[in-house]
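>>> Task: produce atomic coordinates for the following.
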Amino acid sequence: MKAKTMMSLLAMAVLAGCSNPETRSQANRGFDYEQETLRTAPLLIPEGLQAPRFNTEYVIPKGAAQGATGKALDIRPPTQVLPLVRGSEAMAEGSGLWFYQQRLDQPLEQELTKALTAFFEQSDADYRAVANGFESNGKAIGAPGQQFRWQLMPDAVRRAVAVQVQATEGADALAQDRRRAEASMLNAFSLSYQRELSRQQELLDKSPIELTLDPGQGLLLAGQGYDRTWKRLITLLPKLGFDISNRQQALGYVDVEFDGLSKGDWQDLKLPALNIPEQEYRIQLGDLGNRTSLSLSNKDREPVPAGVLSALIKTLAPAFERTDLAR
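I've put the predicted structure just below:
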């Protein structure tokens, strides 16, 4: 039984390999039709009748066919350059991508240079730095014999940097093969870069966030931007005894009902017990750039007393600092 299963799996693997559209560039039938010619015979007209008039408008001239045919015709679907990184954009011409400045702590060109270096090293590709970019082999896409030229082109006006790649060796048989290889390299780099950005964002989302009370304005102030503060708040509220009934990230509010937690639950959380009335609340967030404000109101949209806000921060502030609760 095991032998039959193994043979079936092997057969499926062989069939899958034969039908892979990325490796099969020719049609899977013969090309004898290329040698065929149109055989015609004159129309026999019975005696006493005239020959009909023929319209020659749709006659195809001999040798009028253009482009590749038969074995020379590549039937593989085109490989497109994909903007896999958030905020990136495929260039209108050539194999390239525009990346736009997202972070302020590091110049984009420097960030992309580090990302390309990491991409080459992760794929164990041979590379060297040259003016305005790199030269590498194609090991990242399984073509170590190919050579590529990477160019970084900053645009200060757009606050963007273009990354272009050009196949320089090993793919000179057909232009379509060069374009396919260039697009594959760019897509492989974009995927690697996006994974690294996602990893960095995940670490950032789990890092501590400072939360302070501004009694003068009746607000809580988070020491991070809106998106991170929103994610942290939505993650923490159910753990602290709040039922979320409605949330609108675009409008910046969360409607909740505080049902409380038992003494044992607070002991398990290792947080100060939250001593506020068990009722409905609305938490309103405000985007202050690199900080975020949080205000608390009751179901009638009236600001809660200062004592409620003071009690809330005694529990919420240490919760915002806890990385184990941010998951």
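
>>> Return the per-residue confidence for residue 79.
As summarised for this prediction, residue 79 has a pLDDT of 78.

>>> what's around it, how many residues?
Around residue 79 there are 17 other residues, counting by other C-beta atoms under 10 Å. Yep, even glycine has a C-beta here, placed from its N, CA and C like the rest.

>>> List the contacts of stretch 301-313.
Residues outside stretch 301-313 that contact it (C-beta atoms under 8 Å, 6 or more residues apart in numbering): 211-213, 215, 218, 220, 274-277, 281-282, 295-298.

>>> can you count the residues close to the closest residue to residue 115 other than its chain neighbours?
The shortest distance from residue 115 to any non-neighbouring residue, by C-beta to C-beta, 6 or more residues apart in numbering, is to residue 193 (4.6 Å). Residue 193 has 23 neighbours, counted by other C-beta under 10 Å.

>>> check contacts around residue 193.
Applying C-beta under 8 Å, 6+ apart to residue 193 gives the contacts 84, 85, 112, 115, 119.

>>> cool, residue 160 as well?
Contacts for residue 160 (C-beta under 8 Å, 6+ apart) come out as 98, 99, 100, 101, 108, 154.

>>> Could you pull out the strands in the stretch 51-200 of the chain for me?
Under the criterion DSSP state E, counting those that start in this stretch, the stretch 51-200 of the chain carries strands at the ranges 89-90, 96-100, 127-130, 133-138, 143-155, 160-169.

>>> Dump the ones you listed to TSV, plus mean pLDDT and distance to residue 233.
Compiled in TSV, those are given as follows (pLDDT from 0 to 100; distance: least, C-beta to C-beta, whole Å):
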stretch	mean pLDDT	distance to residue 233
strand 89-90	90	32
strand 96-100	93	28
strand 127-130	95	43
strand 133-138	95	42
strand 143-155	93	37
strand 160-169	90	32
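
>>> Among the contacts of residue 160, name the buried ones.
Neighbour counting over these (16 or more other C-beta atoms under 10 Å) leaves 98, 99, 101, 108, 154 as the buried ones.

>>> Now the phi/psi pair for the third one, please.
The phi and psi values for residue 101, taken as degrees, to the nearest 10, are phi -60, psi 120.

>>> Give the burial count for the closest residue to residue 149 other than its chain neighbours, as a bare number.
In space, residue 149 comes closest to residue 166 once its chain neighbours are excluded; the distance is 4.7 Å by C-beta to C-beta, 6+ apart. Applying other C-beta under 10 Å, we find 17 residues neighbouring residue 166.

>>> Surely residue 166 is in contact with residue 134?
No. Using C-beta atoms under 8 Å, residue 166 makes no contact with residue 134, being 11.5 Å away.

>>> what's the overlap in contacts for the two?
Common neighbours of residue 166 and residue 134, using C-beta under 8 Å, 6+ apart, are residue 149.

>>> Residue 265: which of the buried ones among the contacts of residue 160 is nearest?
For the buried ones among the contacts of residue 160, the closest approach to residue 265 (C-beta to C-beta) belongs to residue 101, at 44.4 Å.

>>> is it true that the closest one touches residue 159?
Yes. Contact criterion C-beta under 8 Å: residue 101 and residue 159 qualify, at 4.4 Å.

>>> any residues in contact with both of these two?
Counting by C-beta under 8 Å, 6+ apart, the contacts common to residue 101 and residue 159 are residue 108.

>>> quick one: the residue of the chain positioned farthest from its centre from residue 315, how far?
Distance from the C-alpha centroid of the chain, by C-alpha atoms, centre = their mean, peaks at residue 48 (76.4 Å). Distance of residue 48 to residue 315, computed by C-beta to C-beta, to the nearest Å: 110 Å.

>>> Same question for residue 71.
Distance, residue 71 to residue 315, by C-beta to C-beta: 73 Å.
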